[in-house]
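# Turn this into a structure:
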Amino acid sequence: MTEKCRIKFFYGGRAGGKSYAFADSLLFLGRKKKLFIACLREIQDSIRDSVYKLLCDRIKFYGLSDYNIGAEKIENKITETCFIFKGLRDQDAQKIKSLEGVDIAWIEEAQTISLVSWEILEPTIRKDGSEIWISMNRRYENDPLWVALATNPDERTLVKKVNYYDNPFCPQEMIMQAEKCKKQSWEKYEHIWLGEPMKQGNNCLISSLLVRRAFAQEILSTTSPLIIGLDIARFGDDKTVFCFRKGRLCYRFENYENKSNVEVANLATNFICSYHPKRLFMDIGGQGAGVFDILKDRGFGEIIRGVYFGEKAIKDERYYNRRAEMWGEILEWLEESPFPKLPQEESLFDELTAVRKDFDSRGRLKLESKAEMKKRLGRSPDMADALALTFAEPVFDSGVPKVYAKGNICVEDIFCDAARTKIGW
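Prediction:
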């Protein structure tokens, strides 16, 4: 732990000794000079949920009598080093300012840290020479901190994998358990003992394998009609997203922030004029209704269709609501051969593989809400919902209808000055 890095990211399986190594290193560093050390996790209902007990045990193990163990913090009586313990989910932008003077922040069980918590914390640990130590056992391929830090680490980030066979102090009993697990189930052995991400369980609708396979496909062109899905931002930090799909080929996303209804309608109008989609399906819950009305008033009634995510599904016997139905269509699309193509966007990967499924009393597919997903992901699944909207209804290619706006002005001319004047924009 002597390397000088802004972020030290240690991950691996059970019995690798990550937590013990961090605890020992911090305790001995704190005996050499005064340090302010914050021990953090996502949720801490009480100090018993933290690494407080581990630090106390290591102090007793080494007989470090210069440390005073208090009810809420641990202090060194000679150097005045101080350990504090906090849960990040309880820290808003104002409360977390108390961490600005931290020398070392230790994030334990980092696989549970949300992106929101990380984005608040990282710029707060701002003292010159400060470090962030991260220890985690990976859960899924898209764990937020793994994606943010470990998939493409910069020169100030040390990423190191440590497992039980790297730990010289690993108890023989743990080694025997690991070997037994290896014989019984390689998949469990990889996750529990080698620190590999867990294969997605039955509560996840879309597997990472399906999305990665769609990323790897090569589809250069198609004669299928263009369908656009438009998910309109509901809250300040949500994004308005347009998704462009032609049959098996989803080839483009356009993301926008802080757009008014008129601005979103202008963007939609431009895409309709430029690319002549067969349909544009849009979420008309919240702000979407206003955008829909503007586009309909501009004469695009033959193109646009409004969708309420919470409304009754077309296949009501299979799906709880329209949102579950559209996501179910994504799943079928990804599973069918020939395999589809998705643009390689890690944000899209996170959103598609994060949604959790359930079933109601009638056995119909039901999804967790956008609010629940946003709480776990740290953002709303706007890209994935825009893709889902392209599956709102079957669209057949019977020829592209001639589209007119108000006053029989062709959409190609809709942005010329004369057209704007005539239809009163």
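# Got the phi and psi for the spatially most central residue of the chain?
When Cα atoms, centre = their mean is applied to the chain, the residue found nearest the centroid is residue 377 (3.7 Å). Torsion angles at residue 377 (phi, psi; degrees, to the nearest 10) stand at phi -80, psi -30.
# Could you give the number of residues near the closest residue in space to it that isn't next to it in sequence?
Spatial nearest neighbour of residue 377, chain neighbours left out: residue 354 (5.6 Å); criterion: Cβ to Cβ, 6 or more residues apart in numbering. Backbone N, C-alpha and C define where each C-beta goes, glycine included. Using other Cβ atoms under 10 Å, residue 354 has 20 neighbouring residues.
# and what of residue 129?
For residue 129, using other Cβ under 10 Å, the count is 8.
# State the mean pLDDT of stretch 179-194.
Confidence over stretch 179-194 (mean pLDDT, whole number) is 87.
# returning to what we had before: measure the residue nearest to the centre of the chain to residue 247 for me?
From residue 377 across to residue 247, the span is 28 Å (Cβ to Cβ, to the nearest Å).
# what does residue 131 give?
Using Cβ to Cβ, one gets 50 Å for the distance from residue 131 to residue 247.
# between those two, who's got more neighbours?
residue 131 (21 against 17).
# Next up, the contacts around that one.
By Cβ atoms under 8 Å, 6 or more residues apart in numbering, the contact list for residue 131 reads 5-8, 103-105.
# Check whether residue 262 really touches residue 294, as I assumed.
Yes. Taking contacts as Cβ atoms under 8 Å, residue 262 lies within contact range of residue 294: 6.6 Å.
# What degree of burial does residue 56 show, as a neighbour count?
14.
# any idea how far residue 203 is from the nearest residue to residue 250 once chain neighbours are set aside?
Closest residue to residue 250 apart from its sequence neighbours, by Cβ to Cβ, 6+ apart: residue 342 at 5.2 Å. From residue 342 across to residue 203, the span is 22 Å (Cβ to Cβ).
# Who has more neighbours out of these two?
residue 342 (27 against 10).
# Show the contacting residues for that one.
Residue 342 neighbours (Cβ under 8 Å, 6+ apart): 211, 214-215, 217, 250, 348.
# Redo the residues you listed as JSON lines? Include secondary structure, neighbour count and distance to residue 51.
Formatted as JSON lines, the contacts of residue 342 follow (DSSP: H, G, I helix; E, B strand; the rest coil; neighbours: other Cβ atoms under 10 Å; distance: Cβ to Cβ, whole Å):
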{"residue": "211", "secondary structure": "helix", "neighbour count": "24", "distance to residue 51": "35"}
{"residue": "214", "secondary structure": "helix", "neighbour count": "22", "distance to residue 51": "40"}
{"residue": "215", "secondary structure": "helix", "neighbour count": "15", "distance to residue 51": "38"}
{"residue": "217", "secondary structure": "coil", "neighbour count": "13", "distance to residue 51": "45"}
{"residue": "250", "secondary structure": "strand", "neighbour count": "24", "distance to residue 51": "44"}
{"residue": "348", "secondary structure": "helix", "neighbour count": "23", "distance to residue 51": "35"}
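# so which of these comes closest to residue 163?
Nearest to residue 163 out of these is residue 211 (Cβ to Cβ; 27.4 Å).
# quick check: mean pLDDT across stretch 326-346?
The average of the pLDDT scores along stretch 326-346 is 92.
# try stretch 262-275
Here stretch 262-275 scores 96 as its mean pLDDT.
# try stretch 242-255
96.
# Distance check, residue 219 against residue 275.
Shown here: residue 219 relative to residue 275, a distance of 17 Å by Cβ to Cβ.
# Same check on residue 37?
Taking Cβ to Cβ as the measure, residue 37 falls 55 Å from residue 275.
# between residue 262 and residue 294, who's got more neighbours?
When neighbours are counted by other Cβ under 10 Å, residue 262 and residue 294 differ, and residue 294 comes out ahead with 17 against 12.
# out of everything not next to it in sequence, what's closest to the more buried one?
In space, residue 294 is closest to residue 265, 4.0 Å off (Cβ to Cβ, 6+ apart).
# For residue 88, give me the pLDDT.
On the pLDDT scale, residue 88 gets 84.
# That one and residue 119 touch, don't they?
No. Counting by Cβ under 8 Å, residue 88 stays clear of residue 119, with 10.7 Å between them.
# quick one: which of the two has more around it?
Neighbours per residue, other Cβ under 10 Å: of residue 88 and residue 119, the larger number sits with residue 88, 23 against 13.
# Can you say which helix or strand has the closest residue to the more buried one other than its chain neighbours in it?
Residue nearest to residue 88 in three dimensions, not counting chain neighbours: residue 117, with 4.0 Å by Cβ to Cβ, 6+ apart. Residue 117 belongs to helix 115-121 when assigned by DSSP states H and E.
# Give me the next element, helix or strand, following that helix.
strand 131-136.
# Give me the buried positions along that next one.
For strand 131-136, a neighbour-count test (16 or more other Cβ atoms under 10 Å) marks 131-136 as buried.
# Now do that strand, average pLDDT.
The average pLDDT within strand 131-136 is 96.
# What strands line up against that strand, and which way round?
Applying DSSP bridges to the sheet, strand 131-136 is found paired with strand 7-11 (parallel), strand 104-107 (parallel).
# can you give me how far the longest one is from the chain middle?
Yep, that's strand 7-11 we're talking about. Taking Cα atoms, centre = their mean, to the nearest Å, the mean C-alpha location of strand 7-11 is offset from the chain mean by 20 Å.
# Equivalent analysis for stretch 172-185, please.
33 Å.
# For it, which residues meet the burial criterion?
Buried-residue list, stretch 172-185, by 16+ other Cβ under 10 Å: 177-178, 181.
# now the helices for the stretch 201-350 of the chain?
208-216, 261-275, 288-297, 322-335, 346-354 (DSSP state H, counting those that start in this stretch).
# what's the closest of the ones you listed to residue 96?
helix 346-354 (23.9 Å).
# Report all helices and strands that the closest one contacts.
With contacts defined as 3 or more Cβ pairs under 8 Å, 6 or more residues apart in numbering; DSSP states H and E, helix 346-354 has these neighbours: helix 208-216, helix 370-377, helix 382-389.
# Show me which of those helices has the highest average neighbour count.
The highest average neighbour count among those, using mean count of other Cβ atoms under 10 Å, belongs to helix 382-389 at a mean of 27.
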